[in-house]
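Student: Sequence first, then the predicted structure, then my questions.
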Amino acid sequence: MTTRNTARRVHHSDTATARHLMELEDALRGGNAYIDTTQGQDGSQQRLDQLETGIAVLRQEFAAALDSLRVEVTAELTHMNSSLGTELSEVKGHLANLVQALTNISATLNQTQSAQQLANEAREQGQLVTTQDQVSDVQQAHDVPMMAMDGTVGNFSSATMTNGLRLRKMDVSPPTFDGLIDGIKLNSFIFQFESYFQQKGYNLTQHDHLLPQELNQCVRKNALYEMVREFREPNFQAKVRSQLLEMKQTGAYHGYVNKFLELQRVVGLDELTSINAFVNRLTTSHMRIAIQRKQLMTLTAAVQEGFLEWELQDKPTPAAKGETHLRSSSNKPSGGYHKCGFRKAVHHSNKSSANTTTAASSQKSPCKHCGRGFHSEDDCWIKHPQKHPPGLQQKQQLHKKNTLC
């Protein structure tokens, strides 16, 4: 643009001065233009530097704000995690308590249902027993003869219902087990037990849960001794042993034997000690001498020998037989003779027989019933307990209580 103006001016001006002035004006204008462009470049550069500085400051502030925000977010997340963990643990505890409560409720419901079921079964069994009694009363006339275990024919009434089973009502009693653990006796008892309850209507394989109830009545006494032996106080053995060794015969022989065998079954003395204790506590000396003379080795044999001696003691002697014969002859009627001579003779004979009986009774003789003391059989306290004095009865009852305790 400048060169064109300059060319135009040079073209239109012919003088050098004018041309020189024109050149100077152009140069001045170009310098001003350069100066203006230089100053504009410097201002823009300063503006760029200021912008860059502001941008750097903004970047620093943004980074600081981002770091603080990150820290706050991390802290908040940590707090939220801890609170969530605590709340979850509490929820777990509540759930565990709820599960335990549900378990207890279910167990209680099961117990209630089982108790209700047992009550219903007991009620049904009670109704069944009443109906069985009524049916048995009606059906007593319709007995069916069946073969018993010993080969005899027994009457078995028509079947009854027990626990859903149709069982026969048997007149034969079930077998009992005496407690002697012997191979032969035990096998015999098992055979008799199975045969009896098979005839009654049980099935040994299907009704094995009901047969122990029936077995209880067959071994009840021996099972009681086993329980006494197992569930006893610490000094029970010594107490029963001292009671056994200090026991004396105070009444009949069979009562003494029963008490001694009961205590012996609990204590379990050896044969020699039990025989000595049994024989030394007998009341009559001739029974002690008779048993000791045999030199028996078992308590059972000694007891049997004592029973034999007791039976021999109970048998009347020849003198006693004569007394009874005289008494019977004195009480005979006169035979219906009414003449005076016969009456006198009979009266004289009655007097003589009465004198002989009084003489025989005046002699001292032991009681024929108990063999203890010199008294008549009519006045015997063992044969007639109502004649026993009340004071002595109370003393004997207290003595029995002390010996049993």
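Tutor: Nice, thanks for sending it over.
Student: In the stretch 1-150 of the chain, mark out all the helices, start to finish.
Tutor: 2-12, 16-138 (DSSP state H, counting those that start in this stretch).
Student: Tell me where the model's unsure across the stretch 51-200 of the chain.
Tutor: 126-164, 178-184, 186 (pLDDT under 70).
Student: that older thread, can the helices of the stretch 1-150 of the chain go into CSV with extra columns for mean neighbour count and distance to Lys387?
Tutor: Where you see a C-beta, it was placed from the backbone N, CA and C, and this is true even at glycine. Converted to CSV, the helices of the stretch 1-150 of the chain look like this (neighbours: other Cβ atoms under 10 Å; distance: least, Cβ to Cβ, whole Å):
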stretch, mean neighbour count, distance to Lys387
helix 2-12, 11, 179
helix 16-138, 11, 43
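Student: which one of those lies closest to Val240?
Tutor: In terms of Cβ to Cβ, the element of those nearest to Val240 is helix 16-138, at 38.4 Å.
Student: Check which helices and strands the closest one is in contact with.
Tutor: Applying 3 or more Cβ pairs under 8 Å, 6 or more residues apart in numbering; DSSP states H and E, we find helix 16-138 packed against helix 2-12, strand 153-162.
Student: Okay, the closest residue in space to Cys380 that isn't next to it in sequence and Ala122: tell me how far apart.
Tutor: Closest residue in space to Cys380, ignoring its immediate chain neighbours: His369 at 4.8 Å, by Cβ to Cβ, 6 or more residues apart in numbering. Distance of His369 to Ala122, computed by Cβ to Cβ, to the nearest Å: 51 Å.
Student: about what we covered before: any chance of the helices of the stretch 1-150 of the chain in CSV with distance to Cys380 as columns?
Tutor: As requested, these are arranged in CSV below (distance: least, Cβ to Cβ, whole Å):
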stretch, distance to Cys380
helix 2-12, 180
helix 16-138, 45
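Student: Confirm Pro175 sits in a strand?
Tutor: No - counting by DSSP: H, G, I helix; E, B strand; the rest coil, Pro175 is not part of a strand but coil.
Student: Contacts only, for it.
Tutor: Met149, Phe189, Gln192, Phe193, Tyr196, Cys218 (Cβ atoms under 8 Å, 6 or more residues apart in numbering).
Student: can I assume Arg168 sits in a strand?
Tutor: Yes - checked against three-state DSSP, Arg168 lies within a strand.
Student: That one and Gln125, how far apart?
Tutor: 19 Å.
Student: cool, and Leu84?
Tutor: Leu84 is 60 Å from Gln125, by Cβ to Cβ.
Student: got it, and His20?
Tutor: 152 Å.
Student: repeat for Val99
Tutor: Val99 sits 38 Å away from Gln125, going by Cβ to Cβ.
Student: list the buried ones in stretch 201-218?
Tutor: Neighbour-count burial for stretch 201-218 flags Gly201, Tyr202, His207, Leu210, Cys218 (criterion: 16 or more other Cβ atoms under 10 Å).
Student: hang on, isn't the fourth one packed against Tyr202?
Tutor: Yes - under the criterion of Cβ atoms under 8 Å, Leu210 is in contact with Tyr202, at a separation of 7.0 Å.
Student: between the helices of the stretch 1-150 of the chain, which one is nearest to Lys259?
Tutor: Comparing the helices of the stretch 1-150 of the chain under Cβ to Cβ, the one sitting nearest is helix 16-138, at 37.4 Å.
Student: Can you list the neighbours in contact with the host helix or strand of Asn258?
Tutor: Using DSSP states H and E, Asn258 sits within helix 253-267. By Cβ under 8 Å, 6+ apart, the residues outside helix 253-267 that reach it are 179, 225, 228-229, 237, 240-241, 243-244, 247, 249-250, 274, 277-278, 281-282, 287, 299, 303, 306-307, 310.
Student: What pLDDT is listed against Gly371?
Tutor: The per-residue pLDDT reported for Gly371 equals 75.
Student: Domain ranges for this protein, per the record?
Tutor: 2-136, 144-219, 232-300 (automatic domain parsing).
Student: Throw those domains into CSV and include distance to His375, thanks.
Tutor: Shown next, in CSV, are those (distance: least, Cβ to Cβ, whole Å):
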stretch, distance to His375
domain 2-136, 51
domain 144-219, 39
domain 232-300, 16
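Student: Ile289 and Gly306, how far apart?
Tutor: The separation that Ile289 has from Gly306, given Cβ to Cβ, amounts to 12 Å.
Student: what's the answer for Ser188, then?
Tutor: If you measure Ser188 against Gly306 using Cβ to Cβ, the figure is 28 Å.
Student: Which one of those two is surrounded by more residues?
Tutor: Gly306 (23 against 13; other Cβ atoms under 10 Å).
Student: Checking that one next. Helix, strand or coil?
Tutor: helix.
Student: and the gap between it and Arg265?
Tutor: Relative to Arg265, and taking Cβ to Cβ, Gly306 is found at 18 Å.
Student: Next: Ala56.
Tutor: Ala56 is 113 Å from Arg265, by Cβ to Cβ.
Student: give me the low-pLDDT residue ranges for the stretch 201-350 of the chain?
Tutor: Those would be 216-217, 219-234, 314-350, if you go by pLDDT under 70 across the stretch 201-350 of the chain.
Student: That's all I had, so thanks and see you.
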